[in-house]
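give me the fold of what follows.
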Amino acid sequence: MIKVSNNNLDLKPYNDEQINWIYCALDCTLTQEIWSKISEELDETTKGTYEFELKSLKPAMAMTLRGLKVDEDKVKAIKKPLKEKRLRLERMLHLFSQAVSGKDLNHNSPVQLKKILYEDLNLPPVVSYAKGKQKISTNRDALESLSDSYPRARPFCRTILALRDIDKNLGVLASKRDPDGRIRCSYNVAGTETGRWSSRESPWRTGTNLQNITKDLREVFIPDTGKQMFYADLEQAESRAVAYLAADENYINVCESTDLHTEVVKMVWPNMGWTNDPKQDRAIADRNYYLHHSYRDICKRAGHGTNYGVSPHSLARQIKIKVSQATRFQLLYFGGVISSVSLERWHKQDPMGGYQELLDMGEKIGKDTLKIKGAFPGIRVWHNTIQQELIEKGSLTTPMGRRRHFWDRLKDASTLRAAIAFVPQSTIGDLLNLGLCRVYDELQEAGVEILGQVHDAILGQCDKDKVNDLMPQVLDRMHNPLMVNGRKMLIPSSVEVGDNWKDLKTWTI
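I've put the predicted structure just below:
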C-alpha cells in the first residue's frame, strides 16, 4: 500500500504507473473533500442546476466516446479545390504586396499585416477593444471596415479574408482522427455562464469543436453502416423565449403564426420584392447575402441582437448595413421618437430605404417630432424590468431554475446586455439539453444514438428501417412545455434525416 499526502508530495520513489495511480486517487479523494464543503452551500435552486448538469454528463460522455464517422473520399474531394484556390490567392497577395512593399506577405502574421496596411498603404489604424484594453487590429471587422472605406485596401483585405476562411476549413478537414478513423470532441456541460454546452478537441487531443462546423463541411460526416442521420432542431427557440418572457402579444403571435426571421428581413430590407406569399417570401429571404449566410441567417442576428439590447451602430456593423438603416429598423421594431429632419436626411441617403413607412406610421407630437408605434414595444418594457431586477438583486433566475449572479458593475450597459441575453439563452439551452437527455435515456434501447449537440439542435442516427418509427418519438422527447409568466410555452421542433450531415431533408410521416 502506498500512502501519500498532497501537502508534501514527493514522487521520486515511484515509477510511472504508480504515479498515475497516485494522481487518480488524489483526484477522487480531493473531489470528495471539495464536494463535502460545497454541498453545504447549495440551496434548492443551485442543487437543481447541479443535479441537471450531473445527469447531462452521461449523454455528453456517450457522444465523446462514439464520435462521428468521416467520409474520407469526400474530404479529399473538398480539400483539392480549396488547396488550389488557396495557392492562387496566396500568389495574388504576394503580387499585391510586392507592388507596395517589395516583399511577399504572410497573411497569418499580424506584424506584417499592420505594417503593410497602416504604414505602406498609410491607412488609418482600426482600434479594437478587449477586456478594457485597446490595440491596433487586423481582425475580420477591421479588414472589412478598411475594405469598405478605402479602395486601395480592398484587394488586400478581401484576399486575406478569403485565405483565412480557406485555412479555417482546411484546418477542420485536417483534424486528427482517432485510430478508428472517427472525429471526436469533448463537451463541457458547465463551461458557460448560461449553461449552454461548449465543445473542443477530444480528451485525447484529437478531433475539433464539432459545434461550429459550417454547413458546407458537414457533408463529410456520415452515419454508420446501415444507419441514417437525423437532426432535431428547436424552431425559432430564443425568439419564442423572448416573446413569452416579455409577454409581448404581437411578438408571440408572429412567432407562433409565421416565419419570424423572414418578417425581420422584410423590416430591414423592405424593397426586395415581397409577395405576401409565405413560401415565396421565405425563398427571397433565403437568398445569399454575406459569405455563406443568407439574408434570413443575417436577420436572425439582427433580431437576436435587437432583442438583447444592441445599439444601432453595433447592429449596423454586425449585419453590414448603414447606421441609419439599423436605426430605422429598431424604430419599427420597438417604437420611439424621431425628428422629421433625421428622416428626411436618411431618405436623401437612401431613397429606397422605406422611410416613407415611418412617416406613414408616425404620430406627430411636436412641430418636427414623430412618435413611431413599434411592432414589439413589450420587449423594451422587458429590458427595463430586467434592469430593475438586476440592480435590486444582482442576480437573475430563469424559468428553468438556473440562477446567475452578475459581478460586474450592475449599471454598466455591457452588464445589462449580458443580463438581458442570459435568461432566454439559458432557458433554451436547458430546454434543449432536457430534450437531449430524454432522447438518450428513453430511446437508447430502441436504437437511437446521439452523435452531437449543436446549439439549438441534436444530431443522431438510427437504423434506416426504424426512421419512421423513431422520429415521432424523438420529436415527442424534444417537446417539453414550460410555464413562463403564467403561460405555457412550447417550443416546436422539426427533424431532418439524410445520409450525411449536410444533405438532410425534412422528415414527414
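
and the helices in the stretch 151-300 of the chain?
Chain-ordered helices for the stretch 151-300 of the chain, with DSSP state H, counting those that start in this stretch as the definition, fall at 154-173, 237-246, 249-257, 260-268, 278-285, 295-307.

who's in contact with the second one?
Under the contact criterion CB atoms under 8 Å, 6 or more residues apart in numbering, helix 237-246 has outside partners 251-252, 254-256, 260-261, 303-304, 307, 376, 378-379, 381-382, 399, 423-425, 427-428, 431-432, 456, 484-485, 487, 489, 491. (Each C-beta comes from the backbone N, C-alpha and C, glycine too.)

that helix vs helix 295-307, what angle?
Following axes from the mean of the first three to the mean of the last three CA atoms, to 10 degrees, one obtains 30 degrees for the angle between helix 237-246 and helix 295-307.

list the buried residues for helix 237-246?
Buried positions in helix 237-246, judged by neighbour count with 16 or more other CB atoms under 10 Å: 237-246.

out of these, which two sit at the greatest distance?
With CB to CB as the measure, no two of the buried residues of helix 237-246 lie farther apart than Ala237 and Ala246, at 15.0 Å.

and of the buried residues of helix 237-246, the nearest to Pro312?
Using CB to CB, Val242 is the member of the buried residues of helix 237-246 that sits closest to Pro312, with 18.7 Å.

distance of that closest one from Phe334?
13 Å (CB to CB, to the nearest Å).

spell out which residues are contacts of both of these two.
Residues within reach of Val242 and of Phe334 at once, by CB under 8 Å, 6+ apart, are Ile379.

quick revisit: tell me which of the helices of the stretch 151-300 of the chain sits nearest to Gly460.
Proximity of these to Gly460 was assessed by CB to CB; the nearest stretch is helix 237-246, lying at 18.1 Å.

how far away from the center of its chain is the closest one?
Averaging C-alpha positions (CA atoms, centre = their mean, to the nearest Å) puts helix 237-246 17 Å from its chain's average.

hey, what's the angle from it to helix 260-268? Just curious.
Our comparison of helix 237-246 with helix 260-268, counting by the same axes, to 10 degrees, yields an angle of 80 degrees.

may I have helix 237-246 exported as CSV, CA atoms only?
Coordinates of the C-alpha atoms in helix 237-246 are reproduced here as CSV (Å, rounded to 0.1, in the frame of the first residue of the first chain):
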residue,chain,number,x,y,z
ALA,A,237,-36.4,29.0,-30.0
GLU,A,238,-34.7,32.1,-28.5
SER,A,239,-37.1,34.4,-30.2
ARG,A,240,-40.1,32.5,-28.7
ALA,A,241,-38.4,32.6,-25.3
VAL,A,242,-38.1,36.4,-25.6
ALA,A,243,-41.7,36.7,-26.7
TYR,A,244,-43.0,34.9,-23.7
LEU,A,245,-40.6,36.5,-21.2
ALA,A,246,-41.6,39.9,-22.5
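
how about the residue nearest the centre of the chain, nearest residue that isn't a chain neighbour?
Nearest to the geometric centre of the chain sits His455, at 6.8 Å (CA atoms, centre = their mean). Closest residue to His455 apart from its sequence neighbours, by CB to CB, 6 or more residues apart in numbering: Gln211 at 6.4 Å.

state the pLDDT value of the one you found.
The score at Gln211 is 90. That number is its pLDDT.

surely it meets Ile458?
No. Gln211 is beyond contact range of Ile458, at 11.5 Å (criterion: CB atoms under 8 Å).

what about the two, which has more around it?
Applying other CB atoms under 10 Å to Gln211 and Ile458 shows that Ile458 carries more neighbours, namely 29 against 16.

partner strands of the helix or strand hosting the more buried one and their direction?
Assigned by DSSP states H and E, Ile458 belongs to strand 457-463. For strand 457-463, sheet partners with direction are given as strand 227-234 (antiparallel), strand 449-454 (antiparallel), following DSSP bridges.

give the rounded mean pLDDT of stretch 172-180.
The predicted model gives stretch 172-180 an average pLDDT of 95.

apologies, that question was intended for stretch 474-488.
For stretch 474-488, mean pLDDT is 96.

quick one: buried residues of it?
474-475, 477-478, 480, 482, 484.

now, which of those lie within strands?
With strands defined by DSSP state E, the entries of those inside them are 482, 484.

out of the buried residues of stretch 474-488, which sit inside helices?
Counting by DSSP state H, the members of the buried residues of stretch 474-488 that fall within helices are 474-475, 477-478.

quick one, which of the strands paired with strand 457-463 is nearest to Lys502?
Minimum separation from Lys502 across the strands paired with strand 457-463 (CB to CB) falls at strand 227-234, 9.8 Å.

hmm, who's touching the closest one?
Counting contacts by CB under 8 Å, 6+ apart, the residues touching strand 227-234 from outside are 221-223, 428, 431-432, 435, 439, 449, 451, 454, 456-464, 467, 471, 474-475, 478, 491-501, 504, 507.
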